[in-house]
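Undergrad: turn this into a model:
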Amino acid sequence: MGSPVSPMVADIYIEFLEQLAVATVPLEYKPRLWKRYVDDIREVINTEAVESLTEHLNQVDTAGSIKFTYETEMDKIIPFLDMMIVRKND
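TA: The predicted model follows:
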């Protein structure tokens with residue numbers, strides 16, 4: 001079943017990993033916004049830089065046990081934290 005502290009240790013490690021990843025990302029694909037809650041990350045980034053940023057994030061964990069994936073906005077809608085975020089013109 002696992003130790004009761006396992007989620008806390010996992011959260012601390014992911015926070016360390018994301019700080020390292022964001023600090024070392026090249027400026028040409030650095031996100032303008034980065035918000036994380038447990039295992040969901042909301043970021044604002046140029047469309048051309050999505051694949052490069054994902055590749056960078058996946059190289060930060062040298063063990064290769066953590067893999068980042070992404071979903072792109074479709075028709076101005078993107079899922080985040082079990083809800084749909086809708087982008088409006090205003």
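Undergrad: residues near L57, how many?
TA: L57 has 20 neighbours, counted by other CB atoms under 10 Å. Just so you know, the C-beta spots here come from the backbone N, C-alpha and C atoms, and that holds for glycine as well.
Undergrad: which element, helix or strand, includes it?
TA: Per DSSP states H and E, L57 falls inside helix 50-60.
Undergrad: who touches the helix or strand just after that helix?
TA: Downstream of helix 50-60, the first helix or strand assigned by DSSP H and E is strand 77-80. With CB atoms under 8 Å, 6 or more residues apart in numbering as the test, strand 77-80 has contacts from D40, R42, E71, T72, M84, I85, V86, R87.
Undergrad: mind running it again at 10 Å?
TA: Strand 77-80 is contacted by residues K35, Y37, D40, I41, R42, E71, T72, E73, M84, I85, V86, R87 when judged by CB atoms under 10 Å, 6 or more residues apart in numbering.
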